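Asker: only geometry, no sequence info:
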């Protein structure tokens, strides 16, 4: 009997210990690519060493539609995480479901952030996390889109490797000269430029829209009006941007290309590709050629790219909101942003990080990262869309897919999709 009592006592103690550990465990859903996960894991390890009473349980969830669906399903089943890495594109669904905190709850607390600290964040990144004028997430990393180009391929085609295309016309002509059947077997061996067209129903549709929108800006347009009452994708700049994509796509007969953009670039099958800084660790390992990074070519009206990033949202379901906020605040500190940038290839989210001596030294040795830092000057956030953002992105993705893969007239398709999106916007105030 005494032996049984001891065993039961031990089980009880272990159970209490386990429950205590689970109470302190912070479940974090993210979609970092494999190249970034080691850097993220090192950041978690550093945080836990500095905060031994908090354990971060990081769980990978595929990005895009898969993450959206998993988050929505988790709200219905009550299994949502404590914190998640989210795109601003589906933040409205979480807010409408009363799932995440408005961040003033934490920012204006005794352990919050001062106005000076808030002003230190790149404003375009904060703008992406706003909904109806309120902030619901903080950026955890940043990226801008730039043009990567294979200098060796330029030389082989008789092009100046130090003079990449700077306008749409130059991009088209350069892509044409770099699209080559090297062995004369009737098949293209090297494509000049990657046009990111994916099925509108797939998980990469958000990525496609994100890369197309800067071309609309470059043509002098916007996706939606400032009042968020009308889509502008049926107007001349959007038509011009989509027509330009189709023109390059058709010229290269790009439907025969089957690789992902990063593997295509590293293998030498792609001579130019739009990409962010997160692939720098992979490119440094895999690229067997000299390559350069420059801004996206200017369109008819201006030079532009996007600045974006994933945001940290805190779920109201969490039993440890103060500890979750502690992690969010810690991750966005300038010194930690500098470390994560150096480890991962992402850009920091705070301006003061660029002024740290350690980060300046890092940049002095990293020409590729410097090229991305330079893009911040011309970078914009995506157009704010407070309601039906997922659905509106879907209408845009369908327009791109139908035009380029379905060979439909861009003006007609964009008009149809604008009408579809405008019906959603009209329903908001009814």
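Answerer: Ah, there it is. Since the structure is predicted, the reported quantities are computational estimates derived from the model, not experimental observations.

Asker: For the rest of this, base every contact and every neighbour count on C-alpha atoms.
Answerer: OK.

Asker: what are the ranges of the strands in the chain?
Answerer: Taking DSSP state E to define them, one finds strands in the chain at 25-30, 55-60, 83-86, 130-131, 134-135, 138-139, 143-144, 146-150, 272-275, 291-294, 305-308, 311-314, 379-380.

Asker: So what's the residue count around the residue nearest to residue 280 when sequence neighbours are not counted?
Answerer: Closest residue to residue 280 in three dimensions, ignoring its sequence neighbours and counting by CA to CA, 6 or more residues apart in numbering: residue 345, at 6.0 Å. Counted with other CA atoms under 10 Å, residues neighbouring residue 345 total 25.

Asker: Using JSON lines, lay out the strands of the chain together with distance to residue 157, mean neighbour count and mean pLDDT.
Answerer: Output for those, formatted as JSON lines (distance: least, CA to CA, whole Å; neighbours: other CA atoms under 10 Å; pLDDT from 0 to 100):
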{"stretch": "strand 25-30", "distance to residue 157": "41", "mean neighbour count": "21", "mean pLDDT": "93"}
{"stretch": "strand 55-60", "distance to residue 157": "42", "mean neighbour count": "16", "mean pLDDT": "94"}
{"stretch": "strand 83-86", "distance to residue 157": "42", "mean neighbour count": "25", "mean pLDDT": "91"}
{"stretch": "strand 130-131", "distance to residue 157": "46", "mean neighbour count": "20", "mean pLDDT": "90"}
{"stretch": "strand 134-135", "distance to residue 157": "49", "mean neighbour count": "15", "mean pLDDT": "94"}
{"stretch": "strand 138-139", "distance to residue 157": "41", "mean neighbour count": "26", "mean pLDDT": "96"}
{"stretch": "strand 143-144", "distance to residue 157": "28", "mean neighbour count": "26", "mean pLDDT": "93"}
{"stretch": "strand 146-150", "distance to residue 157": "11", "mean neighbour count": "23", "mean pLDDT": "97"}
{"stretch": "strand 272-275", "distance to residue 157": "13", "mean neighbour count": "24", "mean pLDDT": "97"}
{"stretch": "strand 291-294", "distance to residue 157": "15", "mean neighbour count": "20", "mean pLDDT": "96"}
{"stretch": "strand 305-308", "distance to residue 157": "27", "mean neighbour count": "26", "mean pLDDT": "92"}
{"stretch": "strand 311-314", "distance to residue 157": "42", "mean neighbour count": "26", "mean pLDDT": "95"}
{"stretch": "strand 379-380", "distance to residue 157": "31", "mean neighbour count": "20", "mean pLDDT": "92"}
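
Asker: Which among those strands is found nearest to residue 95?
Answerer: Nearest of the strands of the chain to residue 95, taken as CA to CA: strand 130-131 at 8.4 Å.

Asker: Can you give the contact residues for the closest one?
Answerer: Applying CA atoms under 8 Å, 6 or more residues apart in numbering, the contact partners of strand 130-131 are 92, 136, 137, 386.

Asker: how about a cut-off of 6 Å?
Answerer: Contacts with strand 130-131, where a contact means CA atoms under 6 Å, 6 or more residues apart in numbering, come from residue 386.

Asker: any idea how far that strand is from the chain center?
Answerer: Relative to the chain's own centre, strand 130-131 is displaced by 17 Å; criterion: CA atoms, centre = their mean, to the nearest Å.

Asker: same question, stretch 298-316
Answerer: 8 Å.

Asker: same question, stretch 216-234
Answerer: Here stretch 216-234 is found 21 Å from its chain centre; the criterion is CA atoms, centre = their mean.

Asker: Now do the buried residues in that stretch.
Answerer: The neighbour-count criterion (16 or more other CA atoms under 10 Å) identifies 216-224, 228-234 as the buried residues of stretch 216-234.

Asker: Can you tell me which of these is closest to residue 162?
Answerer: The closest of the buried residues of stretch 216-234 to residue 162 turns out to be residue 218 (CA to CA; 22.9 Å).
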